[in-house]
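> just a sequence and a predicted model for now, questions to come.
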Amino acid sequence: MSTAVTAPLLRITDLSVAYGVPRRGVGLGTGAALRGASLEVHPGEIVGIIGETGSGKTTLARATVGLTTPAGGTIEFDGRDLTSLRGRDLRDFRRQGRIQLVFQDPLRSLDPDLTVARLVGEPLEVAGGLDATARGERTERALREVGLDPGAVRDRRPGELSGGQRQRVSLARAIVTEPRLLICDEPVSALDVSNRNLVLNLLDRLRRDLGVAVVIIAHDLSSLAGIGDRVAVFYRSRLVEQGPLREVLTRPAHPYTALLVASAPSLGERSAIRPADVRVDRGTAGAADPGRCVFADRCRFAFADCAIQPPQLEVGERWSAACHLAARWSGEATDNTHTPPAHTGTRAKGER
């Protein structure tokens, strides 16, 4: 779907998070969970957040919903700066349920002692404004929207449901407040193939039928191939590439993204960068020196300029990568010989 003429629903700008840092503005040092991430999500988009464990994906999600306090940067939702909300204003915003987080493991996140009807209707009780009859009607509607028969599951508890049913209950609980943004943290990682496809197709249908924007956090790109609009790739607490999913899968502009594409059996090797061009050993240089390119110790194309972490360089419309050779990788080149980065045609994001 085209989102070029719409304003972003979610705009994250230069967001940094460091656990244990007592206040905003403190230097992040080497223990930062997230460094300077900027990302936009437009209404009705499905955006994938991809990266290995510890790359900053879940930290970004937790900061967006207010479960983690940023050390720097801003998070704007529908034009409102969420990082400035405090006390009652923050509690009121949370009660409205306009942003909902769907956790990875519904068996752990859903109260095992509550029935499905109570679990799904609980956010409406917290939000207030509806009587018991209206809450019941809204609850049943949410269950139907995720493909569950209210009469069959209403009085059951999480332990009595299958994995796919539990995940759909989690989604019903999330959409019952009619949110504008769903953030799903590894929503299919614990499911078998059939239930995985069911949940992904359900998310695609929810964004089409309800107009909700969806952020899907995952480890691999293959789970997004059929439904995603855009993708953002994280590595060692930094956003290293973001852009239209189809273009990124076909012509990744960062070596780490290329490695992810090549390692997904269903995607195949589509990049000018081959897995053999990326070292499998993981040094500590990128993590120990926050000013150095975080991928330099794994990249065979690293050169002198990689002593400095590159900014996000534009390679296309709403497409950028934090690599000095971004334009080369995203172009039509099919060889893998190293060329100096001069005159690559990239520019820092925002430059004109």
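The structure has been received and is ready for your questions.
> ranges for the strands of the stretch 251-352 of the chain?
313-316, 319-321, 347-348 (DSSP state E, counting those that start in this stretch).
> out of those strands, which gets nearest to R80?
strand 319-321 (25.3 Å; Cβ to Cβ). Using the backbone N, CA and C atoms, a C-beta is placed for each residue, glycine as well.
> if we can go back for a sec, need the strands of the stretch 251-352 of the chain in TSV (columns: mean pLDDT, distance to L130 and mean neighbour count).
Shown next, in TSV, are the strands of the stretch 251-352 of the chain (pLDDT from 0 to 100; distance: least, Cβ to Cβ, whole Å; neighbours: other Cβ atoms under 10 Å):
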stretch	mean pLDDT	distance to L130	mean neighbour count
strand 313-316	90	45	23
strand 319-321	94	43	26
strand 347-348	44	49	12
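> tell me which of these sits nearest to G226.
strand 319-321 (20.1 Å).
> tell me what that closest one is packed against?
strand 238-244, strand 313-316, helix 326-330 (3 or more Cβ pairs under 8 Å, 6 or more residues apart in numbering; DSSP states H and E).
> and the second one, what does it pack onto?
Based on contacts counted as 3+ Cβ pairs under 8 Å, 6+ apart, the elements that strand 313-316 packs against are strand 238-244, strand 319-321, helix 326-330, strand 347-348.
> ok, that strand: who's next to it in the sheet?
strand 319-321 (antiparallel), strand 347-348 (antiparallel) (DSSP bridges).
> can I get the helices and strands packed on strand 319-321 in TSV including distance to L9?
TSV is the format used below for the helices and strands packed on strand 319-321 (distance: least, Cβ to Cβ, whole Å):
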stretch	distance to L9
strand 238-244	16
strand 313-316	22
helix 326-330	27
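> out of those, nearest to R95?
strand 238-244 (30.4 Å).
> only alpha carbons, please: show that closest one as PDB.
The C-alpha trace of strand 238-244 is given here as PDB (Å, rounded to 0.1, in the frame of the first residue of the first chain):
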ATOM      1  CA  ARG A 238      22.400   0.000  16.100                       C
ATOM      2  CA  LEU A 239      20.000   0.300  13.200                       C
ATOM      3  CA  VAL A 240      22.100  -0.700  10.200                       C
ATOM      4  CA  GLU A 241      19.600  -0.600   7.400                       C
ATOM      5  CA  GLN A 242      15.900   0.300   6.800                       C
ATOM      6  CA  GLY A 243      13.900   0.400   3.600                       C
ATOM      7  CA  PRO A 244      11.200  -1.100   1.400                       C
END
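> and the next helix or strand past that strand?
Elements were assigned by DSSP states H and E; along the chain past strand 238-244, the next helix or strand is helix 245-250.
> what about that following helix, average pLDDT?
Average pLDDT, helix 245-250: 89.
> give me the helices and strands touching that helix, please.
Secondary elements touching helix 245-250 (3+ Cβ pairs under 8 Å, 6+ apart): strand 230-235, helix 255-263.
> and the angle from the longest one to strand 230-235?
Right, helix 255-263. Relative orientation of helix 255-263 and strand 230-235, computed by axes from the mean of the first three to the mean of the last three Cα atoms, to 10 degrees: 110 degrees.
> relative to the whole chain's centre, how far out is helix 255-263?
Centroid displacement of helix 255-263 relative to its chain, using Cα atoms, centre = their mean, to the nearest Å, is 17 Å.
> pLDDT averaged over that helix - what is it?
86.
> what does the first one give?
Computed over strand 230-235, the mean pLDDT rounds to 96.
> same question, stretch 9-20
91.
> contacts for it?
26, 28-29, 31-43, 56, 59-60, 63-64, 68-78, 180-181, 213 (Cβ atoms under 8 Å, 6 or more residues apart in numbering).
> please apply the same query to stretch 141-158.
106-107, 110-117, 119-120, 139-140, 161, 165-166, 168-169, 171-173, 175-176, 198, 202, 206, 209-210.
> hmm, try it at 6 Å
With contact meaning Cβ atoms under 6 Å, 6 or more residues apart in numbering, stretch 141-158 is reached by 110, 112, 115-117, 120, 140, 166, 168, 171-172, 175-176.
> which of the strands of the stretch 251-352 of the chain sits closest to T6?
Of all those, strand 319-321 comes closest under Cβ to Cβ, at 17.5 Å.
> show me what contacts P106?
R166, Q167, S170.
> assumed the last one was part of a helix.
It refers to S170. Yes: counting by DSSP: H, G, I helix; E, B strand; the rest coil, one finds S170 located in a helix.
> shouldn't it be in contact with V102?
Yes: assessed by Cβ atoms under 6 Å, S170 is found in contact with V102 at 5.2 Å.
> which helix or strand contains the residue nearest the centre of the chain?
Nearest to the mean C-alpha position of the chain, counting by Cα atoms, centre = their mean, stands I49 at 3.0 Å. Element membership for I49 (DSSP H and E) is strand 46-50.
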